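Asker: Model the structure of this input:
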Amino acid sequence: MRQIVLDTETTGLEPKEGHKIIEIGCVEVINRRMTDSHFHQYLQPDRKIDEEAIQVHGITNEMLKDKPRFVDIVHEFMDFIQGAELLIHNAPFDVGFINYELQLLNQNWQPLEDYCTITDTLRMARKRYPGQKNNLDALCKRLDIDNSKRELHGALLDSQILADVYLAMTGGQVSLLGNDDTGLMAEADQIRRVNIEAGQLPLVTATEEELNLHQQYLDRLDKAVGDPCLWRSLETGHTA
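Answerer: The predicted structure follows:
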């Protein structure tokens, strides 16, 4: 399963007022693990950036004067995200800007929704934590995710943080070996191969306490996605 966590920074709030994208940041997640693959680009908007926007992301026109335009990177960008599930916090904002940029090119690009599945992580968070703040900073604090490097908004950094937030919201485990990979790797080094021919392997079954903890974990998954998770259908012998 390939997912792309995406964020943008812009010159202002409304593409209908001619505002443009000035930064795109994407990180790749495959089978719930972040890879080293990412896409990151600053863009020349050919217009003035609103002062209010600069206060948010700290990007100025002077910083962008030698950067490429959206038309220069559109094929590389679309190739990177095509076919993936896009995870975006407040997706209508970013998708609206990207579709506006695609439309301006007059190159027969279709809306982003025709190339990718789009999941709004803000909508997910509001469903899971109703009545609470659900911006990235609030979610990081709630889920114990380090965002100490986030002094200003930045598309690539925010994408990396959102990837951690999404993985925590939808399962709680952001790495294969848990939060303390080093300690568990040391334990893993102690595992020895078993010679099956030497005898029958013992059958170890879960205790009642372990089964209860398993069901509690599945309950959290159900709540995170808003539907019964696949594991429950496998346990009952039924599939959707």
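Asker: pLDDT wise, what is the residue nearest to K48 when sequence neighbours are not counted at?
Answerer: Spatial nearest neighbour of K48, chain neighbours left out: N61 (6.3 Å); criterion: Cβ to Cβ, 6 or more residues apart in numbering. Glycine gets a C-beta too; all of them are placed from N, C-alpha and C. Per-residue pLDDT puts N61 at 95.
Asker: Just to check, N61 is in contact with I49?
Answerer: Yes. Using Cβ atoms under 8 Å, N61 is in contact with I49, at 5.6 Å.
Asker: So for those two, which residue has more residues nearby?
Answerer: The residue with more neighbours, out of N61 and I49, is I49; 22 against 15, by other Cβ atoms under 10 Å.
Asker: which SS class is that one?
Answerer: coil (DSSP: H, G, I helix; E, B strand; the rest coil).
Asker: how about the spatially closest residue to it that is not a sequence neighbour, what does it touch?
Answerer: Of all residues not flanking I49 in the chain, T11 sits nearest, at 4.5 Å (Cβ to Cβ, 6+ apart). Residues near T11 by Cβ atoms under 8 Å, 6 or more residues apart in numbering: H19, K20, I22, P45, R47, K48, I49, D50, A53.
Asker: pretty sure V29 is in contact with A163, am I right?
Answerer: Yes. If you go by Cβ under 8 Å, V29 and A163 touch, sitting 5.8 Å apart.
Asker: Apart from its neighbours in sequence, what residue is nearest M78?
Answerer: Here the residue nearest M78, using Cβ to Cβ, 6+ apart, is Y115, at 6.6 Å.
Asker: Kindly report the same for I59.
Answerer: Ranked by Cβ to Cβ, 6+ apart and with sequence neighbours excluded, the top spatial neighbour of I59 is I22, at 5.6 Å.
Asker: Alright, that wraps it up for me.
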